[in-house]
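1. any chance you could fold what I've pasted below:
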Amino acid sequence: MTVEHPPLSTQRLLGRLARTASEVLLARLFGLLGLLARWLRPARSRQPAPQRILLLRFGLLGDAVLWIPALRAARRLFPTARLEAVVSTYQYAVLSRFTYVDRFIVRDTDHFTRPVAWLRPTTWRSFVALVRLLRRRRYDVVLSCYGRMGARLALLSGAPLRYGYRDEADPRVLTHALPGGRYQEPLHEAAYNVRVVSAAASSLRRHPAAGSHPLPLGEGRGEGDLSLTFPLTAAERQRAADLLAGIPHGVSLVAIHPGAANGAAKRWLPARWAHVADTLAGEGVQVALLGSAVERPLVERIVAAMRHPALRLDGATSTPGELAAVLARCHVVAAGDTGPLHLAVALGRPVVAIHGPTDPQLTGPVPGARAHVLRTAIPCSPCYNLRAPADCPLGHTLCMRLLPAEQVVTAIRAMLASDY
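-> From the prediction side, this is the model:
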């Protein structure tokens, strides 16, 4: 097969150059700020046990779900400390149902992670206001699980102890750096988050000084419990019961979530999803098509290619909790590498996960999940590396196109026929 790669447009090339230049300048700036912070606040010979800890992990729905084990570990390893976290509105909807964190600082963190957003004054005002708030909180420790932006915010918070990954921070910004960074070894995202927490706990027990030094990798090896849970409220369960009220008792229910927020290459072809849904519906399975209101056009393309009816729930759930309550009632959930799939795993549901540009060892279902992972092994996959949304850099998405629909149907049938 011959694949022609689309030429890189002048606009995209200039955009990449601008992003690279800005990152270089920011790295230099924050490196100098880190050096200044150490000069103004030298290391203590002894550091008291931390009383106030800030945790940072921006991201999407799935990122919040995969952060749960780290928050649980932080509560266990720092039982007397006050734990606080900066989260987005939808992260709050996921994490606030747990008791691990004492206070959530809810902000629209999405625009902090988009370079173009920094061209707007509102982004700067919001960021400065957040930094001022964090400095007033006077944290003893910051645990950053979100790359350079997390490390920079940790520095600006004024906390004397700052933990994170060396390759995901500007020089001298972290006081205690784990070697490497995400995607440099086959370590699951949930374990990556937990490792920062366990490294900090180990370091504070053995090396209480606030000096700048790297952490031996062994100090962050404690991956601990990576299991996921997701408690539901009575109102959420009732909403799901109302949405699924028309399904006869004893009929198998399979949920398909075809969308993905962070990149088009993570979305399998609508025609393939239609084939899967049609085949299952023809065998007497009730298929539910899920998605947000924004994903309604994608669901409509799937429905238009089907011969059998499906239950459309795109836009029917307004919160992660309502979506989770629907997933909890499904016998199997099929999706790409997306937040709803991780929600289904947290609810203990069997899942069929389709991976293309992302590595299932890193962002797939957590170890121990009841999961069947499907992917096509080609030389350019996986290619996702955190620097941009998961869009195919070669323009062909062969990693998704080469996965046949019958393989997904077979996996779902096997899940339905098993003892799950």
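2. confidence score at Ser212?
-> We have a pLDDT of 45 for Ser212.
3. with Val106 instead?
-> 94.
4. do the one 4 residues further on as well
-> What the model reports as pLDDT for Asp110 is 78.
5. wouldn't Asp140 be in contact with Ala159 here?
-> Yes. Counting by CB atoms under 8 Å, Asp140 touches Ala159, with 6.4 Å between them. In short, each C-beta sits where N, CA and C put it, glycine included.
6. neighbour-wise, which of the two wins?
-> Ala159 (26 against 19; other CB atoms under 10 Å).
7. so that one sits in a helix?
-> No. Going by DSSP: H, G, I helix; E, B strand; the rest coil, the assignment for Ala159 is coil, not a helix.
8. so it sits against Arg137, correct?
-> No. Using CB under 8 Å, Ala159 makes no contact with Arg137, being 9.1 Å away.
9. any common contacting residues for these two?
-> Taking CB atoms under 8 Å, 6 or more residues apart in numbering as the contact rule, Ala159 and Arg137 both touch Leu54.
10. quick one: least confident helix or strand in this protein?
-> When the helices and strands of the chain are compared on mean pLDDT, DSSP states H and E, strand 213-214 comes out lowest with a mean of 52.
11. which elements pack onto the next helix or strand after that strand?
-> The first helix or strand that comes after strand 213-214 along the chain, using DSSP states H and E, is helix 234-243. Using 3 or more CB pairs under 8 Å, 6 or more residues apart in numbering; DSSP states H and E as the contact test, the elements touching helix 234-243 are helix 320-328.
12. tell me the strands beside whatever helix or strand comes next after the helix it packs on, with direction?
-> Once helix 320-328 ends, the next helix or strand along the chain (criterion: DSSP H and E) is strand 332-336. Counting by DSSP bridges, the strands paired with strand 332-336 are strand 253-257 (parallel), strand 351-355 (parallel).
13. now strand 332-336 against helix 320-328, angle please.
-> Using axes from the mean of the first three to the mean of the last three CA atoms, to 10 degrees, the direction of strand 332-336 lies 120 degrees away from that of helix 320-328.
14. tell me the first helix or strand C-terminal of strand 332-336.
-> For strand 332-336, the following helix or strand on the C-terminal side (DSSP H and E) is helix 339-346.
15. could you double-check that Ser381 sits in contact with Arg375?
-> Yes. Look at Ser381 against Arg375 with CB under 8 Å: they come within range, at 7.2 Å.
16. shared neighbours, those two?
-> Shared contacts of Ser381 and Arg375, defined by CB under 8 Å, 6+ apart, are found at Gly356, Cys399.
17. contacts for stretch 409-420, please.
-> 252, 254, 275-276, 279-280, 285, 331-332, 334, 350, 352, 370, 372, 374.
18. now do 10 Å
-> Contact with stretch 409-420 is made by 252-254, 256, 272, 275-280, 283, 285, 287, 331-334, 348-354, 370-374, 404, as judged by CB atoms under 10 Å, 6 or more residues apart in numbering.
19. from these, list the buried ones, please.
-> Using 16 or more other CB atoms under 10 Å as the burial test, these include 252-254, 256, 272, 275-280, 285, 287, 331-334, 349-354, 371-374 as buried.
20. where does pLDDT dip in the stretch 151-300 of the chain?
-> The model of the stretch 151-300 of the chain has pLDDT under 70 over residues 206-223, 263, 265.
21. now the helices: where do they sit in it?
-> In the stretch 151-300 of the chain, the segments counted as helices under DSSP state H, counting those that start in this stretch are 189-206, 234-243, 270-282, 296-304.
22. okay if I get these as JSON lines plus distance to Asp391?
-> Output for the helices of the stretch 151-300 of the chain, formatted as JSON lines (distance: least, CB to CB, whole Å):
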{"stretch": "helix 189-206", "distance to Asp391": "20"}
{"stretch": "helix 234-243", "distance to Asp391": "32"}
{"stretch": "helix 270-282", "distance to Asp391": "17"}
{"stretch": "helix 296-304", "distance to Asp391": "16"}
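23. can you list the buried residues in stretch 126-134?
-> Ser126, Phe127, Leu130, Val131, Leu134.
24. quick check, distance from it to the centre of its chain.
-> Relative to its chain's centre, stretch 126-134 lies at 24 Å (CA atoms, centre = their mean, to the nearest Å).
25. the residue nearest the centre of the chain: which element?
-> For the chain, Asp63 is the residue whose C-alpha lies nearest the centre (CA atoms, centre = their mean; 1.9 Å). Per DSSP H and E, Asp63 falls inside helix 61-77.
26. which positions in that helix come out as buried?
-> Buried-residue list, helix 61-77, by 16+ other CB under 10 Å: 61-75, 77.
27. hmm, back to that, closest one to His176 among the strands paired with strand 332-336?
-> For the strands paired with strand 332-336, the distance to His176 is smallest for strand 351-355, at 33.1 Å, taking CB to CB.
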